[in-house]
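Colleague: Fold the following.
(one chain, ligands or ions: 1)
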Amino acid sequence: GKSGYDHYMLKEIHEQPTALRQCFSGRADALDGTITLEEVGEIPQPDAVQFVACGTSYHAALYGAATLREMGIPAEAYLASEYALSPPPLSLGTLVVGITQSGETADTLAALRDAKSRGVTTLALTNTVNSTAARECDHAVYIRAGPEIGVAATKTFSSQLVGCNLLAEELVEGQLDLRPLIESLRNLPDDVQSILDSSAAEAIVEEYGDSDAYFFIGRGKNVAVALEGALKCKEISYEHAEGFPAGELKHGPLALVTPDTPVFAVVTGDDKRAQKTLGNIKEVQARGAPVIAVTDGESDAAEIADETLEIPETTERAAPVLANVQLQLFSYHLADALGRPIDKPRNLAKSVTVE
Ligand code: M6R
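Modeller: Presented below is the predicted three-dimensional model:
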């Protein structure tokens, strides 16, 4: 049952500390600074990685590919529905990773089968033990999030991001000191809990819940968070929502920005990307749009923005998980205020088993 929560989605949002603990458990040694995924022990370091996935899992794939590229491995995320029909070139040293919560998504299975038919190693990063993806791939890595009933993916996305980190560190040899990363992944359950205990997302809904549309921007790994924030918003609230890399704003979407379109800016850390996003915040504010910064306070985002959804300080890899939790809560409370059937949005299925 829903254990006292109004919806499975809210229950699953609150299950994230436990889910993240389970995903991480036994897979990292904080003292030695080592990460070990027993399931992939025998895979040599790939020449390149191609991720295939749909929907929320595709957003996790964008994050995973960005992470691997930073580690020096050519990596791309592909929408599974495009992959099999327009197969990208690969070499025998390419690893193809399907990210799929259910392990049953038809498009993702088709893409993985296409890769397999071309002779490369395939791996399923999945939540479902013995699912079709897990059985058909050469390797399966489980994210251990526990069952997810709500159609909207929440805890499984968070666990996919952690799974991507574990996988990347296991696959790529000779990484520098992993202890800060391990420490931040180990702290994620507590950091998520502190957001769940203190989020201002409901107040943001009270203030902005009757807007014309909602925009979500971010750079780097926070592009995945922006896209996921918009997908969650539209699928459960039925409100118009769009996410894009912040730099794309002035190449089109800015035309839609008005005082009635709040912009959520995901700004973590204080690197060049964060600085550039501060510029984007000012651009949309100049068009009258209210800006809600989802930020750890390392940059000036909170000072510049109209409102803030705060996240604890952490590593650059862990911050997207935390920022996304704030956006999950915003979408949930928006959909709830609008009286939507949150756990079963119209026209959608939990597992899409037709191509
Ligand atoms: O089971 P999968 O991860 O393969 O599902 C892929 C998508 O259908 C799924 O992530 C969908 O976008 C989410 N339920 C949206 O919240």
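Colleague: Which residue, neighbours along the chain excluded, lies closest to the one residue in the stretch 51-200 of the chain that gets nearest to the ligand?
Modeller: In the stretch 51-200 of the chain, the residue that lies nearest the ligand is residue 55 (1.9 Å; C-beta to the nearest ligand atom). Where you see a C-beta, it was placed from the backbone N, CA and C, and this is true even at glycine. Nearest non-adjacent residue to residue 55, counting by C-beta to C-beta, 6 or more residues apart in numbering: residue 231, 6.8 Å away.
Colleague: do you know how far the residue of the stretch 51-200 of the chain closest to the ligand is from residue 4?
Modeller: Relative to residue 4, residue 55 is positioned 29 Å away (C-beta to C-beta, to the nearest Å).
Colleague: Of the two, which one has the most company?
Modeller: For residue 55 versus residue 4, neighbours defined as other C-beta atoms under 10 Å are more numerous around residue 55 (23 against 7).
Colleague: Run a quick check on the more buried one versus residue 152, I expect a contact.
Modeller: No - using C-beta atoms under 8 Å, residue 55 makes no contact with residue 152, being 10.0 Å away.
Colleague: what does the chain put close to the ligand?
Modeller: Proximity of the chain to the ligand (C-beta under 6 Å from any ligand atom) is limited to residues 54-57, 100-102, 105, 108, 151-153, 235, 351-352.
Colleague: Looking at those residues, which are in strands?
Modeller: Among the residues of the chain next to the ligand, the ones falling in strands (DSSP state E) are residue 100.
Colleague: of the residues of the chain next to the ligand, buried ones?
Modeller: Neighbour-count burial (16 or more other C-beta atoms under 10 Å) is assigned, among those, to 54-57, 100-102, 105, 108, 151-153, 235, 352.
Colleague: Can you tell me which residue is spatially central in this protein?
Modeller: In the chain, the centroid-proximal residue (C-alpha atoms, centre = their mean) is residue 60; its distance is 4.4 Å.
Colleague: Go through the helix or strand where that residue lies and flag the buried ones.
Modeller: Residue 60 belongs to helix 55-70 when assigned by DSSP states H and E. The neighbour-count check on helix 55-70 (16+ other C-beta under 10 Å) flags 55-68 as buried.
Colleague: now do stretch 107-121
Modeller: 107, 108, 109, 110, 111, 112, 114, 115, 120, 121.
Colleague: In helices only, show me these.
Modeller: Members of the buried residues of stretch 107-121 lying in helices (criterion: DSSP state H): 107, 108, 109, 110, 111, 112, 114, 115.
Colleague: so what's the fourth one scoring on pLDDT?
Modeller: So that's residue 110. For residue 110, the model assigns a pLDDT of 98.
Colleague: I'd like to know which elements whichever helix or strand residue 264 is part of is packed against.
Modeller: Per DSSP H and E: residue 264 is located in strand 263-267. Under the contact definition 3 or more C-beta pairs under 8 Å, 6 or more residues apart in numbering; DSSP states H and E, strand 263-267 sits against strand 214-218, helix 222-237, helix 272-286, strand 291-295, helix 319-337.
Colleague: make it 10 Å
Modeller: If you count contacts as 3 or more C-beta pairs under 10 Å, 6 or more residues apart in numbering; DSSP states H and E, strand 263-267 packs onto strand 214-218, helix 222-237, strand 241-245, helix 272-286, strand 291-295, helix 301-304, strand 307-310, helix 319-337.
Colleague: The first one to strand 263-267, inter-axis angle?
Modeller: If you take axes from the mean of the first three to the mean of the last three C-alpha atoms, to 10 degrees, strand 214-218 sits at 20 degrees to strand 263-267.
Colleague: Just the C-alphas of strand 214-218, formatted as PDB.
Modeller: Extracted in PDB, the C-alpha atoms of strand 214-218 (Å, rounded to 0.1, in the frame of the first residue of the first chain):
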ATOM      1  CA  TYR A 214       7.300  26.200 -16.900                       C
ATOM      2  CA  PHE A 215      10.900  26.200 -18.200                       C
ATOM      3  CA  PHE A 216      13.900  24.300 -16.900                       C
ATOM      4  CA  ILE A 217      17.500  25.100 -17.800                       C
ATOM      5  CA  GLY A 218      20.900  23.700 -16.800                       C
END
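Colleague: any idea how far it is from the chain center?
Modeller: Its chain's average C-alpha position is 14 Å from that of strand 214-218, according to C-alpha atoms, centre = their mean, to the nearest Å.
Colleague: List just the one of the helices and strands packed on strand 263-267 that sits closest to residue 159.
Modeller: Closest of the helices and strands packed on strand 263-267 to residue 159 is helix 319-337, at 9.1 Å (criterion: C-beta to C-beta).
Colleague: Stretch 205-214: end-to-end distance?
Modeller: Across stretch 205-214, the terminal residues are separated by 11 Å (C-alpha to C-alpha, to the nearest Å).
Colleague: Residues in contact with it: which ones?
Modeller: Residues outside stretch 205-214 that contact it (C-beta atoms under 10 Å, 6 or more residues apart in numbering) are 200, 202, 229-230, 233-234, 237, 239-243, 256-264, 289-290, 292, 306-307, 327, 329-338.
Colleague: Quick check on these: which are buried?
Modeller: Using 16+ other C-beta under 10 Å, the buried ones in those are 200, 202, 229-230, 233-234, 237, 239, 241-243, 257, 261-264, 289-290, 292, 307, 327, 329-336.
Colleague: Local confidence estimate at residue 135?
Modeller: We have a pLDDT of 98 for residue 135.
Colleague: now residue 175
Modeller: 83.
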